[in-house]
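**Q** Let me see the structure of the following:
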Amino acid sequence: MGCGASVATETQEKRVETAMKAAVLIQRWYRRYMARLEMRRRYTWNIFQSIEYAGEQDQLQLSSFFSFMLDNFTQLSGNGPDLISQLLDPVVDPWLDRETCYNLIHVPESYIGPRLSFPLSVSDTNALLSAFKEQQTLHARYVLQLLYETKKLLKQMPNIVHLSTSYNGLPSAETQYVFNGDFVDRGKKSIEVVILLFAYLLLYPDYMHLNRGNHEDHIMNLRYGFTKEVMLKYKTHGCEILQLFQDVFSLLPLATVIDGKILIVHGGISDQTDLDFLSSIERHKVKTMRSTDSSLPSSSRSHSKNRRTPSLRKSPCFLRRKRRCGLSREESAASISSSSSSSSSSSSSLCSPRTPSLISPHPCLSSPSMPYTINVLQVPFLDSLSSIPPPSPSQHEQEWKQIVDILWSDPKTQDGCSPNTFRGGGCYFGPDVTQKLLLQHGLQLLIRSHECKQEGYELCHDGKVITIFSASNYYEEGSNRGAYVKLGRELVPRFYQYQVSRTTRKLTLTQRYRAAEGSALRALKEKLFAHRAELIAGFQQYDQNNTGCVSVSEWALVLEAVLRLDLPWRTLRPHLTRLARDGSVEYQSCFEDMGPGTPLPQVSPNLAETLFRYRTDIEIIFNIMDKDHSGLISIEEFRHTWRLFSAHLGVDIDDRAIDDLARSIDFNKDGSIDFTEFLEAFRVVHKLENKDQLPIGKMDGEK
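**A** All right, here's what the predicted structure looks like:
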């Protein structure tokens, strides 16, 4: 009996030991699995964010091009009208300033949407909510009237709004909300979102507060979709609606202060941010994307223009400083939510520090207001650099810089303040900069938006800076949560997270990560394809024997030098390219699973790559040229635009090639170009049919 009991005990112990070993193996596998998922999540996030900020730098280059066109379009086009100047700085239509302008627009009996009456009532806002849920479009007559009433209200508001806390709920007389900018350019329903926000502002002007974001800007709206959305939904009165939106956006307050303790701005601050100075600015005269000198007398503008030397025209970075532009991107806030996103002296970068070598042979300068770090300016003169003392910033320039800093800046972990090289505008501000401003104004906390965060919010600078981002699924389904922050009487922030998606909830964790990863890698592959010639030239410098291969280190160096995206290229390598048997990289495989749309036969490779790379910019430029939004521009307009564009970029494209291109895309030979079809020919096509399929290979160790 004793022997039998011993055998049974020994068997039981072996079973327990086997079970424990199995549990340990499962635990190890699970930890490795989660570690791989976390690694994929991180590099996916890095790809999305790097490409997003690179797009903002592209926007800066486009703004510089607009300045170039404003100075040169008329003289290059002979006696033709200065179209760009008219469209970027349109003369306000007196019709829009008449209080009864919207009454002249007839609303047909067949219109089934909401019919608003002013002053607005709760039933009006409820009708708007219901109509938008039913995919109805508000009639242009009511859009214009709502914008007109909003403009009147905003004109009476200060630059910095001071308020006290309240309870949460729908906007009402008992509930105060601050929405922290970027109400538009966030999907296909921007008009509905901003109309609802303005409607609640009119209904509860003392309890509904809207800060301006960097996307409340005409040039930003051209690139990121709001302009196109308006013109698609309002084909008859779209131009008037856009113009009134532009006026309203320029009147939005710049900041909000709660109970004298919490400062809310869209982007951030710099070491030169002065809330008292910000309070005194005529905000509607300061445009962040195009800092024009329209406030100056015409004689002053002409004098400034005439005294520029011809050599200054050659480099867009050194055009008249008054015409240079600020920058771009992210978010709005609920309760306080957002819908999107070291040096001793800060800087609002006016030109991208990551400018590709094609664009300008000279480095772009930062803001002139850097007295502690730069005491001379270098300007191109007779193909060389000459140093001159920096001019003192004008009042207009100081105002512009203050606004750009609060709309564009991002926090950093290190002390100090330095140019925001990643975005190309605003600054990076450290904990010491935050502490100094809070102490100076008796504040306790800074709440900002402007950056997408995976959990919808993030704390930094010892909890004294909160980033809040309310747009969930910003980059891709399942890529991030949205959040808003609620402040009670005690001013303790409480965070509420959410994820708006019916699809995401049905996906497993792996499926969500894989979908986001696939989207990010496709965007990255497009970036590689658009810079194909530069990349191959870089690879060939290491591939002296034309083997088609370089080492992994050389491959990564070339990618970083050309794309400047600051990504973990070695980690991403299995997704982007193949290895040869000896472990070297077959660099042509970076481009083999992608191709052009329907390429035009007469386009040279040099011009084709330029078209691929600057496709978004070209679309924006053509949309500006297309005043009636017909989708057509004339051959002459096309030629003049491309000559300026190629000159601005320094791309060697002769006039004959441009003329040949113009003729080849005038498909029906009517003297006009359908640029929708034209741009369709210059898009990147992914040859992989399965959306979730990863290019080239899988992560090492993935089953």
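**Q** Please enumerate the helices of the stretch 151-300 of the chain.
**A** For the stretch 151-300 of the chain, applying DSSP state H, counting those that start in this stretch gives helices covering 190-203, 218-224, 226-233, 238-250, 275-280, 298-306.
**Q** Give me the angle between the third one and helix 238-250.
**A** Here helix 226-233 runs at an angle of 140 degrees relative to helix 238-250 (axes from the mean of the first three to the mean of the last three C-alpha atoms, to 10 degrees).
**Q** Out of the helices of the stretch 151-300 of the chain, which one sits most buried?
**A** Highest mean neighbour count of those: helix 218-224, a mean of 25 (counted as mean count of other C-beta atoms under 10 Å). For the C-beta atoms, the positions are set from N, CA and C on the backbone; glycine is no exception.
**Q** average pLDDT for that helix?
**A** Averaged over helix 218-224, pLDDT sits at 81.
**Q** can you redo the helices of the stretch 151-300 of the chain as CSV with distance to residue 438?
**A** Formatted as CSV, the helices of the stretch 151-300 of the chain follow (distance: least, C-beta to C-beta, whole Å):
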stretch, distance to residue 438
helix 190-203, 28
helix 218-224, 29
helix 226-233, 34
helix 238-250, 29
helix 275-280, 11
helix 298-306, 39
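**Q** Which of those helices sits closest to residue 57?
**A** Closest to residue 57 of the helices of the stretch 151-300 of the chain is helix 218-224 (C-beta to C-beta; 12.0 Å).
**Q** which of the helices of the stretch 151-300 of the chain has the lowest average pLDDT?
**A** Of all the helices of the stretch 151-300 of the chain, the minimum mean pLDDT falls on helix 298-306 (a mean of 33).
**Q** I'd like to know which of the helices of the stretch 151-300 of the chain is closest to residue 638.
**A** Proximity to residue 638, assessed across these by C-beta to C-beta, is greatest for helix 218-224 (18.1 Å).
**Q** Next, residue 560: secondary structure please.
**A** Under DSSP: H, G, I helix; E, B strand; the rest coil, the three-state class of residue 560 is helix.
**Q** circling back: residue 36: which of the helices of the stretch 151-300 of the chain is closest?
**A** The closest of those to residue 36 is helix 218-224. By C-beta to C-beta, the value is 33.7 Å.
**Q** Provide a list of residue ranges in the stretch 401-550 of the chain with pLDDT below threshold.
**A** Along the stretch 401-550 of the chain, the parts satisfying pLDDT under 70 run over 502-505.
**Q** Could you rerun that using 80?
**A** For the stretch 401-550 of the chain, the stretches with pLDDT under 80 are 421-422, 424, 477-478, 500-513, 515.
**Q** which residues of it fall in helices?
**A** Secondary structure of the stretch 401-550 of the chain (DSSP H, counting those that start in this stretch): helices at 431-440, 509-530, 532-542.
**Q** Ranking the ones you listed by mean neighbour count, which comes first?
**A** Highest mean neighbour count among these (mean count of other C-beta under 10 Å): helix 509-530, with a mean of 20.
**Q** That one packs against which elements?
**A** helix 2-76, helix 552-563, helix 569-576, strand 594-596, helix 605-613, strand 684-686 (3 or more C-beta pairs under 8 Å, 6 or more residues apart in numbering; DSSP states H and E).
**Q** elements contacting the longest one?
**A** Using 3+ C-beta pairs under 8 Å, 6+ apart as the contact test, the elements touching helix 2-76 are helix 83-88, helix 218-224, helix 509-530, helix 569-576, helix 615-625, helix 635-649.
**Q** right, so of the ones you listed, which gets closest to residue 16?
**A** helix 509-530 (31.3 Å).
**Q** And residue 200, how close does it get to residue 669?
**A** 52 Å (C-beta to C-beta, to the nearest Å).
**Q** repeat for residue 271
**A** Going from residue 271 to residue 669 by C-beta to C-beta gives 60 Å.
**Q** Looking at those two, which is more packed in?
**A** Shown here are residue 271 and residue 669; by other C-beta atoms under 10 Å, residue 271 has more neighbours (20 against 7).
**Q** Nearest residue to the more buried one in space, please, no chain neighbours.
**A** residue 417 (4.1 Å; C-beta to C-beta, 6 or more residues apart in numbering).
**Q** bridging residues for the one you found?
**A** Applying DSSP bridges to residue 417 gives these bridge partners: residue 343, residue 429.
**Q** Correct me if wrong: it contacts residue 428.
**A** Yes: if you go by C-beta atoms under 8 Å, residue 417 and residue 428 touch, sitting 6.9 Å apart.
**Q** count of neighbours near residue 618?
**A** 20.
**Q** sorry, that was for residue 12
**A** Neighbours of residue 12 (other C-beta under 10 Å): 10.
**Q** Many thanks, I have nothing further to ask.
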